[in-house]
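> Make a model of this:
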Amino acid sequence: MTSEPSSTAVRTALWRALHLHHDAPPAVFEDDLGLRLADPGDDWRQRPDMDPDDNPFARAAVITRARFAEDLVAEEYGRGVRQYVILGAGLDTFAQRRTELAASLDIFEVDAPGPQSWKRRRLAELGLGLPAGLRFVPYDFEAGGSWWDAVVGAGLDAGRPAVVASLGVSTYLGRDAIVAMLRQGAALAPGSTFATTFQLPLAMVEPGPRELRARVEEAARAFGTPFTSFFAPEEILALARDAGYRTVEH
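Predicted coordinates:
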């Protein structure tokens with residue numbers, strides 16, 4: 001069990017910042033607080049994985065999934081949903097950036113205990129705010145148990161709808177853990193939404209991005225965070241239906 005954020009959590013935060021530093025405006029997603037949290041040093045853009053032209057597809061995926069999730073939260077907020085669960089929160093900074101929403105939301109950040117404690121220390125060191133409704137929920141997805149029980153124990157109202165976002169999590173979980181994650185989410189109150197990303201099998205990726213994806217997988221293995229699970233769209237939709245979701249969409 002590590003007491004620091006995973007290499008993937010740090011890379012995600014830095015790619016978000018790189019989008020602001022390198023890509024042409026207007027920004028799809030604005031987040032440089034993750035860079036401050038990670039504190040990678042002044043030479044962070046010299047890292048091999050920060051070459052802006054090396055893998056723009058992966059950076060685009062990180063940016064668009066974050067924008068999608070936060071747009072979804074805002075949309076559901078407009079419908080009266082006031083609970084937001086972030087599975088595998090990593091260095092997510094929604095609670096610090098989106099203060100206009102966070103002030104009226106109950107936010108549950110679910111992550112491994114060690115990295116979560118590290119993040120809480122960094123937030124305190126930087127003087128970044130903690131909204132009254134923010135709860136940190138320590139949980140290890142591969143250790144068994146139930147993230148659902150963990151967030152309910154932390155104060156989630158099971159009788160009210162919620163948005164749950166699981167971004168970049170299933171890539172690193174085994175199939176059984178993914179099925180369990182989906183089934184637990186099916187216990188959410190009517191009107192809830194569960195949004196998850198997944199990785200296509202390499203053979204389904206288009207030829208250009210395929211070579212870059214293969215290199216990302218190789219780098220992930222080298223960092224001790226290998227890609228574990230891959231799904232065709234119809235497979236992940238079938239898993240969601242089997243888990244009990246009423247409406248599924250890719």
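> could you pull out the strands for this structure?
83-87, 106-111, 134-138, 163-166, 193-196 (DSSP state E).
> As CSV, the ones you listed with distance to A214 and mean pLDDT would be great.
Backbone N, C-alpha and C define where each C-beta goes, glycine included. Output for those, formatted as CSV (distance: least, C-beta to C-beta, whole Å; pLDDT from 0 to 100):
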stretch, distance to A214, mean pLDDT
strand 83-87, 27, 98
strand 106-111, 28, 98
strand 134-138, 34, 98
strand 163-166, 24, 98
strand 193-196, 23, 98
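> Those strands: which one's closest to D42?
The closest of the strands of the chain to D42 is strand 106-111. By C-beta to C-beta, the value is 27.2 Å.
> What is the longest helix seen in the chain packed up against?
Selection of the longest helix in the chain by residue count, based on DSSP state H, yields helix 56-78. Judged by 3 or more C-beta pairs under 8 Å, 6 or more residues apart in numbering; DSSP states H and E, helix 56-78 is in contact with helix 7-22, helix 99-102, strand 163-166, strand 193-196, helix 207-222.
> let's go with 6 Å and repeat that
On a contact count with 3 or more C-beta pairs under 6 Å, 6 or more residues apart in numbering; DSSP states H and E, helix 56-78 meets helix 7-22, strand 163-166, helix 207-222.
> Return the set of buried residues in that helix.
Under the neighbour-count criterion of 16 or more other C-beta atoms under 10 Å, helix 56-78 has 58-59, 61-63, 65-66, 69-70, 72-73, 76-77 buried.
> With stretch 84-98 instead?
84-98.
> what do you get for stretch 198-208?
Quick answer for stretch 198-208 (16+ other C-beta under 10 Å): F198, Q199, L200, V205.
> and the last one, what does it touch?
The neighbourhood of V205, defined by C-beta atoms under 6 Å, 6 or more residues apart in numbering, consists of R213.
> next one: phi and psi at it?
Per-residue torsions, V205: phi -80, psi 140 (degrees, to the nearest 10).
> Check which helices and strands the helix or strand bottoming out on mean pLDDT in the chain is in contact with.
The helix or strand with the lowest mean pLDDT-type score in the chain, counting by mean pLDDT, DSSP states H and E, is helix 207-222 (a mean of 86). Here helix 207-222 touches helix 56-78, going by 3+ C-beta pairs under 6 Å, 6+ apart.
> 10 Å - rerun?
helix 7-22, helix 56-78 (3 or more C-beta pairs under 10 Å, 6 or more residues apart in numbering; DSSP states H and E).
> Only C-alpha atoms, please: export that helix in PDB.
Extracted C-alpha coordinates of helix 207-222, given in PDB (Å, rounded to 0.1, in the frame of the first residue of the first chain):
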ATOM      1  CA  PRO A 207      -4.000   1.900 -36.700                       C
ATOM      2  CA  GLY A 208      -2.500   5.300 -35.900                       C
ATOM      3  CA  PRO A 209      -3.600   5.500 -32.300                       C
ATOM      4  CA  ARG A 210      -3.000   1.700 -31.900                       C
ATOM      5  CA  GLU A 211       0.800   2.100 -31.900                       C
ATOM      6  CA  LEU A 212       0.600   4.900 -29.300                       C
ATOM      7  CA  ARG A 213      -1.800   2.900 -27.200                       C
ATOM      8  CA  ALA A 214       0.600   0.000 -27.200                       C
ATOM      9  CA  ARG A 215       3.400   2.300 -26.000                       C
ATOM     10  CA  VAL A 216       1.200   3.600 -23.200                       C
ATOM     11  CA  GLU A 217       0.400   0.000 -22.100                       C
ATOM     12  CA  GLU A 218       4.200  -0.800 -22.100                       C
ATOM     13  CA  ALA A 219       4.900   2.300 -20.000                       C
ATOM     14  CA  ALA A 220       2.100   1.400 -17.600                       C
ATOM     15  CA  ARG A 221       3.500  -2.000 -17.100                       C
ATOM     16  CA  ALA A 222       6.900  -0.500 -16.400                       C
END
